[in-house]
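**Q** Need the 3D shape of this:
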Amino acid sequence: MEQPRARPDLEENRGPSAPGEKKPPPRKGRCGAFDCAFFDGADSALAWTIAEHSPSVIAFGEAHAQEGTPGKSTALRFADELLPALAPQSHFLLVELLVPPSGCAEAKEKVQTESDKVTEGQSKENQNDYITLGHRSKALGVPVDVLRPSCAEFETIAADPEPVFRMMTLIAELSTKVVLEERAKAPSHKPLILTYGGALHNDIEPRPGFEPMSFGPALLEKTSGRYIEIDLVRPEGLNESAWARLAWFDALPSAESQRKPHETALVRRGPGSYALLLTAAPLAKEPSQELQQ
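**A** Residues are numbered from 1 along each chain as shown. Coordinates of the predicted model:
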C-alpha cells in the first residue's frame, strides 16, 4: 500500500532542475501565520511541490473571475503558464465544468435558473476561458474532459430543496469518480491526474458545513495521501470575496508585500495544501488566444 509522504518543510529545496540548469533555492519566509517561499517562476514552485509530495492527483482551485477584474483570468494563466510545465507528466485533466445531458429539458431549465444566480456578477468569459483551457490541454497532448452527469443525476439538482447545494455536491461526487477512474489508467511515465475548478471543491479540510462539496478528503484517502491542493491567486483578484472570507487570507497580502516583482509566492496552509500567488506581469504572448482562431 502507498504511504503518505511526511509534511514538507519549506526551508528545504528538493525540486528537480532541467538538465544542465541549476535552479536557485527558494527564498523562505513567513506570511502571516504560515510558512511561505518565493520562487523564480511558478514552474519552479510546482517542481518543488511535486518533488516533495510525489502526488498522483493535483487539484487546482481558483476564485472565479468577477466582472470587471483586470488582467488575464486565472484559468488562462494556468493554461499558458503552468499547464505546459505539467503536461509531460500528466495523463489527464478534469475541468470541473458541469455539462447538462441531452434530454430532461424541464430539469435543465430549473438548474440553469439556479446556476445563473450563483454566477451573477462573475465575468461572462469564465465558461469560455474553461473551454480555452480544454483546447490548450489537448494541444499539449493531455486528454481533457468535463463533468457529464446523467439525466437522473441532473434531476436530483432540480428536485432538491437546496438546488445549489446539491449542484455543488454533485460536482464533488462526479469529480471523485472521474479522477479515480483516470488514475487507474495512468501509465507510470505520465502518472499525474490534474483537476481545475473552483477553490471550494479541492479542499483537504473543508470549512464546516461545506464538507459534501469537496472531493479533497475522499481523494486524499483513496490515493493513500498522494493528493495535493493548490489554489491559484492573481494579484489583480487578491481582494475577491472568495479569498477574503477564508481563515488564511492574511497570508496573501503578506506574501504580496514581501515578494520581488518576478517571484511567485507559495504559501503552505497545511499538509498537502498550498496557495500559489502568481506574478502580476502577464505573458508577452497570448497563446490561448491563438488557439481560438
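
**Q** just the helices in the stretch 1-150 of the chain please.
**A** 42-53, 74-77, 83-86, 105-119, 126-139 (DSSP state H, counting those that start in this stretch).

**Q** again, but for the stretch 151-293 of the chain
**A** 151-159, 163-185, 216-222, 241-244, 251-258, 287-291.

**Q** picking that back up, same list, the helices of the stretch 1-150 of the chain, but as a markdown table with mean pLDDT and mean neighbour count please.
**A** Where you see a C-beta, it was placed from the backbone N, CA and C, and this is true even at glycine. Below are these laid out as a markdown table (pLDDT from 0 to 100; neighbours: other CB atoms under 10 Å):
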| stretch | mean pLDDT | mean neighbour count |
| --- | --- | --- |
| helix 42-53 | 95 | 21 |
| helix 74-77 | 93 | 25 |
| helix 83-86 | 97 | 19 |
| helix 105-119 | 85 | 14 |
| helix 126-139 | 94 | 19 |
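
**Q** on that earlier part again, quick check: which of the helices of the stretch 151-293 of the chain is nearest to residue 205?
**A** Distance to residue 205, taken as CB to CB, is lowest for helix 216-222 among these, at 7.6 Å.

**Q** burial count for residue 186?
**A** 17 (other CB atoms under 10 Å).

**Q** repeat for the one 3 residues further on
**A** Here the number of neighbours of residue 189 (other CB under 10 Å) works out to 8.

**Q** again, but for residue 228
**A** 28.

**Q** Roughly how far does it sit from residue 205?
**A** Residue 228 sits 13 Å away from residue 205, taking CB to CB, to the nearest Å as the criterion.

**Q** Then residue 229?
**A** As for residue 229, its distance to residue 205 is 9 Å (criterion: CB to CB).

**Q** Who has more neighbours out of the two?
**A** For residue 229 versus residue 205, the count of surrounding residues by other CB under 10 Å is larger for residue 229: 28 against 15.

**Q** show me the contacts for that one.
**A** Going by CB atoms under 8 Å, 6 or more residues apart in numbering, residue 229 touches 58, 59, 60, 61, 202, 203, 204, 216, 272, 273, 274.

**Q** Surely the second one touches residue 231?
**A** If I follow you right, that is residue 59. No: applying CB atoms under 8 Å as the test, residue 59 and residue 231 come out as separate, 9.3 Å apart.

**Q** can you tell me which residue is nearest the centre of this structure?
**A** In the chain, the residue lying closest to the centroid (CA atoms, centre = their mean) is residue 60, at 1.3 Å.

**Q** Which residues are in contact with the closest residue to that one other than its chain neighbours?
**A** Using CB to CB, 6 or more residues apart in numbering and skipping residues adjacent in sequence, the residue nearest residue 60 is residue 196, 4.8 Å away. Counting by CB under 8 Å, 6+ apart, residue 196 touches 60, 62, 75, 78, 93, 94, 95, 96, 130, 133.

**Q** separation between residue 196 and residue 62?
**A** The gap separating residue 196 from residue 62 is 8 Å, by CB to CB.

**Q** Then residue 252?
**A** Distance of residue 252 to residue 62, given as CB to CB: 14 Å.

**Q** what's the answer for residue 38, then?
**A** For residue 38, the distance to residue 62 - CB to CB - is 21 Å.

**Q** In terms of neighbours, single out the busier of those two.
**A** When residue 38 and residue 62 are compared for neighbours, residue 62 comes out ahead with 25 against 21, by other CB under 10 Å.

**Q** I'd guessed that one sits against residue 197; true?
**A** Yes: Residue 62 is within contact range of residue 197, at 7.5 Å (criterion: CB under 8 Å).

**Q** what's the burial count for residue 261?
**A** Residues near residue 261, counting by other CB under 10 Å: 7.

**Q** quick one: it and residue 235 touch, right?
**A** No: when contacts are counted by CB under 8 Å, residue 261 is not listed as touching residue 235 (10.3 Å).

**Q** coming back round to it: who touches both of residue 196 and residue 62?
**A** Jointly contacting residue 196 and residue 62 under the rule CB under 8 Å, 6+ apart are 75, 78.

**Q** Please identify every residue contacting each of residue 59 and residue 231.
**A** With CB under 8 Å, 6+ apart, residue 59 and residue 231 have common neighbours residue 202.

**Q** Just give the number of residues close to residue 280.
**A** With other CB under 10 Å as criterion, residue 280 counts 14.
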